[in-house]
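>>> Give me the fold of what follows.
(chains A and B)
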Amino acid sequence: MTPALGALVGALFPAGHAVREEGGIVVGAAHTAAGEVAVLGTAGGVEVGVEAALALAGEVLRTVREHPGRPIVVLVDTRGQRMSRRDEVLGLNGYLGHLAACVELARRRGHPIVAVVSGDAVSGGVLPLGFMADAVHAVEGAHPWVMSLPAMARVTKLPLERLEELSQSSPVLAPGLDRFVRLGAIEPRWEPPLSEQLAAALSRPAGRDRRAELGLERGGRLLAAAVARRVSGEDGDEP
Amino acid sequence: MTPGNPGHLPARRSYREATARRRLAGILDPGSFTELLGPSERVTSPHLAGLGLAVAFDDGVVVGRGLLGGRVVLAASQEGGFMGGAVGEVHGAKLVGLLRRAERERPAGVLLLLDSGGVRLQEANAGLVAVSEIMRALLGARAAGVPVVGLIGGGWGCFGGMGIVARCCDALAMSEEGRLGISGPDVIEATKGVEELDAADRALVWRTYGGKHRYLLGEADLLVEDDLAAFRDAAAALLASPRSLDEGALAREHERLARRLADFGGCTDAADVWRAAAVPDPDRLPLLDADAFRRAVAAARGEEP
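Prediction:
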């Protein structure tokens, strides 16, 4: 286990844990004020390939089978999906979709699911596990992103200066935790003691996906909630 | 898959060449589609104008209600002609809203006509969060018992986060020309180098991501010709056989994916997979039409020929 991961699990689970890490995949169990929890996720920025996705899905299924209702703490530090020809040949997107479906099963079966971002949180690494949680929290070092501004400028052929200027006000372009908080996707950074923050998070009821509403309240996504509501017809269909 | 009179075969109408709206018109019962939050509402991306980019009045996705064989379905169709069908804040929210409507109204199913490069980079962070919300809403609709079927045969394929969304569906139909993956060829070449994947090698790209390989692997459930009527028949067939999301079903899917890794984990090229699967005469697979291909790989997929 890296020193960074050791420090994180030590702070999250001072009452004791049996968390192991191998090749960037985190698996184990821990004691919290809210009781025994399952721990799984990614560490060291690992890119999630077919083996990791399958192993994590297997852990979720095992938790559902052997420990009904046990809360699941998801640790997030991933630079995204593994980019390789072999992973694509084997259908990595299918393995990631399966992982997401397993997390959804756990939620439906009453497992509270809380994610804690401590490092990178990127694209195909965070979508099927961390972002599937009931709530996504962050600690020091959390750095969610999709693409750096220079890379974005290259790919989109937009001037870098313009992207940098817009990023002063718009949260949708540049990397960074504060921007994902404004979008409603991640909660503001926890202050220590982390174990108490975690216990509080675990005791909050799951509820439905409220990220778009939070994005509106925080001024980061002004249209998503209203558009989804209008299309869903949940307020009654318009004439 | 299209029964009928060989003397009066209707002219094939390409799915790939059709626009998002024409695809819906060609798949749903004639005249049955009603759009929700259509272009007249002028709900456009709030992020593109600041970048000096044009907006679309539907933000690149058409959503609504229609009939398929007389049964009510909800449907979404991504328009590759606008920013490659990529998902931004509004585009994603329309898909989320449609899937939430499905959870509430319990239609016979949801059709997702996927044609997307993934997250729209010009609103990258909002696009990533939107894809996550789509996944949650899609699995919510399925958990409520509404089957969700994906169709992939457009010019942009189905990549990035939308490649994960596709495999959150109950089932997928693809044409040979359809492509499915997460990291597209250009992304892999740009990130890992041309030695890893040469995006200009068209044969390599098609055999890696194309409908034939996805069907052989079991990533796609049906392989159809590039024809609106064939996609329509496939959509109806797949809606009729939903895939459970319960523990037993996910355990079986887990076994299937584990077996694939055990059988083909040493392969770095789709052609190696075809050889390892003991498909007869694998080198000719790219040349076969959809019917002949299905027969050739039936045994490898564990089916009766």
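
>>> In which helix or strand does A:Pro150 reside?
Secondary structure assignment for A:Pro150, by DSSP states H and E: helix A:149-156.

>>> Same question for that helix: list its buried residues.
In terms of neighbour count (16 or more other CB atoms under 10 Å in any protein chain shown), helix A:149-156 has its buried residues at A:149, A:152-153, A:156. Glycine gets a C-beta too; all of them are placed from N, C-alpha and C.

>>> do the same with stretch B:273-284
Within stretch B:273-284, the residues scored as buried using 16+ other CB under 10 Å are B:273-274, B:277, B:279, B:282.

>>> And for stretch A:154-167?
Buried positions in stretch A:154-167, judged by neighbour count with 16+ other CB under 10 Å: A:156, A:158, A:163, A:166-167.

>>> circling back: any chance of JSON lines for the buried residues of helix A:149-156, columns distance to B:Arg65 and pLDDT?
Putting these into JSON lines (distance: CB to CB, whole Å; pLDDT from 0 to 100) gives the following:
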{"residue": "A:Leu149", "distance to B:Arg65": "40", "pLDDT": "94"}
{"residue": "A:Met152", "distance to B:Arg65": "36", "pLDDT": "92"}
{"residue": "A:Ala153", "distance to B:Arg65": "41", "pLDDT": "93"}
{"residue": "A:Thr156", "distance to B:Arg65": "34", "pLDDT": "90"}
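
>>> Please list which of the residues you listed also come close to chain B.
Contacts with chain B within these, as defined by CB under 8 Å from any CB of the partner chain: A:152, A:156.

>>> where are the low-confidence patches of chain A?
Chain A contains residues with pLDDT under 70 at A:238-239.

>>> how does it look with 90?
Applying pLDDT under 90 to chain A flags the ranges A:1-2, A:34, A:155, A:205-207, A:235-239.

>>> For it, give the strand that spans the most residues.
Longest strand in chain A, counting residues (DSSP state E): strand A:113-122.

>>> That one packs against which elements?
helix A:3-12, strand A:72-78, helix A:92-108, strand A:135-138, strand A:143-145, helix A:194-203 (3 or more CB pairs under 8 Å, 6 or more residues apart in numbering or on different chains; DSSP states H and E).

>>> Could you give the separation of the second one from the chain centroid?
This means strand A:72-78. 7 Å (CA atoms, centre = their mean, to the nearest Å).

>>> Just want the angle from it to helix A:92-108.
150 degrees (axes from the mean of the first three to the mean of the last three CA atoms, to 10 degrees).

>>> do strand A:72-78 and chain B meet?
No. Strand A:72-78 lies apart from chain B when judged by CB under 8 Å from any CB; the minimum separation is 12.5 Å.

>>> residue ranges of the helices in the stretch 201-305 of chain B, please?
Taking DSSP state H, counting those that start in this stretch to define them, one finds helices in the stretch 201-305 of chain B at B:202-209, B:211-217, B:228-239, B:247-264, B:270-276, B:290-297.

>>> Which one of the ones you listed lies nearest to B:Pro30?
With CB to CB, the closest approach to B:Pro30 among the helices of the stretch 201-305 of chain B belongs to helix B:228-239: 11.0 Å.

>>> Keeping just the C-alphas, turn the closest one into CSV.
C-alpha atoms of helix B:228-239 as CSV (Å, rounded to 0.1, in the frame of the first residue of the first chain):
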residue,chain,number,x,y,z
LEU,B,228,-33.9,1.0,-41.3
ALA,B,229,-36.4,-1.9,-41.6
ALA,B,230,-33.8,-4.3,-40.2
PHE,B,231,-33.1,-2.1,-37.2
ARG,B,232,-36.8,-1.8,-36.7
ASP,B,233,-37.3,-5.5,-36.6
ALA,B,234,-34.3,-5.9,-34.3
ALA,B,235,-35.6,-3.2,-31.9
ALA,B,236,-39.0,-5.1,-31.7
ALA,B,237,-37.3,-8.4,-31.1
LEU,B,238,-34.9,-7.1,-28.4
LEU,B,239,-37.7,-5.3,-26.5
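
>>> re the thing from before, right, so of the helices and strands packed on strand A:113-122, which gets closest to B:Asp263?
Minimum separation from B:Asp263 across the helices and strands packed on strand A:113-122 (CB to CB) falls at helix A:92-108, 14.3 Å.

>>> Could I get the buried residue list for the closest one?
For helix A:92-108, the neighbour count (16+ other CB under 10 Å) marks A:92-107 as buried.

>>> Near chain B, list only the ones from the residues you listed.
Okay, of the buried residues of helix A:92-108 touching chain B (CB under 8 Å from any CB), that's A:92-98, A:100-102, A:104-105.

>>> And those residues, which is closest to B:Phe159?
Taking CB to CB as the measure, B:Phe159 sits nearest to A:Asn93 out of those, at 8.4 Å.

>>> dump the residue contacts of that closest one.
Applying CB atoms under 8 Å, 6 or more residues apart in numbering or on different chains to A:Asn93 gives the contacts A:124, B:163-164, B:166-167, B:180-182, B:219.

>>> same thing but 10 Å
Going by CB atoms under 10 Å, 6 or more residues apart in numbering or on different chains, A:Asn93 touches A:53, A:81, A:87, A:124, A:128, B:158-168, B:180-183, B:209, B:214, B:219.

>>> So which of those are in helices?
In helices, defined here by DSSP state H, the members of those are A:53, A:87, A:124, B:161-166, B:209, B:214.

>>> quick one on the thing from earlier: which members of the buried residues of helix A:92-108 define the maximum pairwise distance?
By the measure CB to CB, A:Leu92 and A:Arg107 form the most distant pair in the buried residues of helix A:92-108, at 23.1 Å.

>>> and the residue nearest the centre of chain A, how far is that from A:Ala228?
By CA atoms, centre = their mean, chain A has its centre lying nearest to A:Gly130, at 2.4 Å. For A:Gly130, the distance to A:Ala228 (CB to CB, to the nearest Å) stands at 21 Å.

>>> Next: B:Cys169.
19 Å.
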